[in-house]
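S.K.: Let me see the structure of the following:
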Amino acid sequence: QVQLVESGGGLVRAGGSLRLSCAASEFILDYYHIAWFRQAPGKEREGVSCISSSDGSTDYADSVKGRFTISRDNAKNTVYLQMNNLKPEETAVYYCNAVRAYGVRVEFWGQGTQVTVSS
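M.R.: Numbering: from 1, shown residues only. Presented below is the predicted three-dimensional model:
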């Protein structure tokens with residue numbers, strides 16, 4: 001079954017760290033641009049970070065620059081989001097998104113993983 005599966009969420013105190021994983025099954029993640037989004041209760045989904053398929057270039061929302069790092073391990077067909085110095089306002093469901101980098105648009109979303117940051 002073609003799917004994206006996020007993991008690594010949990011409960012952490014403010015200032016703590018978590019590493020989220022986004023694993024793909026039945027397709028090669030390296031052929032896709034990958035992005036992490038998050039959605040807090042009552043708020044719109046917002047982009048957090050992305051990594052390009054073509055050259056591995058990365059981008060971050062201003063609010064997470066210097067604290068979050070996105071990376072990919074092609075051998076494991078997995079993309080990671082290392083989150084340091086987490087803040088309570090970053091409590092949200094974090095989603096992984098994959099968009100094929102060539103040809104007809106193909107897009108996948110994961111089911112999300114809950115991140116809760118306590119003050």
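S.K.: could you list every residue that touches the residue nearest to the spatial centre of the chain?
M.R.: Geometric centre of the chain, nearest residue: residue 36, 3.0 Å, by CA atoms, centre = their mean. When the contact criterion is CB atoms under 8 Å, 6 or more residues apart in numbering, the partners of residue 36 are 20, 22, 47, 48, 49, 50, 70, 81, 94, 95, 96, 97. Any C-beta I mention is one placed from the backbone N, CA and C, and that applies to glycine too.
S.K.: So what sits opposite it in the bridge?
M.R.: The bridge-partner assignment for residue 36, based on DSSP bridges, gives residue 49, residue 96.
S.K.: so how far is residue 61 from it?
M.R.: In this structure, residue 36 lies at 10 Å from residue 61, with CB to CB, to the nearest Å as the measure.
S.K.: Now do the shared contacts for those two.
M.R.: Taking CB under 8 Å, 6+ apart as the contact definition, residue 36 and residue 61 share the neighbouring residues 47, 48, 49.
S.K.: could I get the residues you listed as a markdown table with pLDDT?
M.R.: As requested, the shared contacts of residue 36 and residue 61 are arranged in a markdown table below (pLDDT from 0 to 100):
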| residue | pLDDT |
| --- | --- |
| 47 | 98 |
| 48 | 98 |
| 49 | 98 |
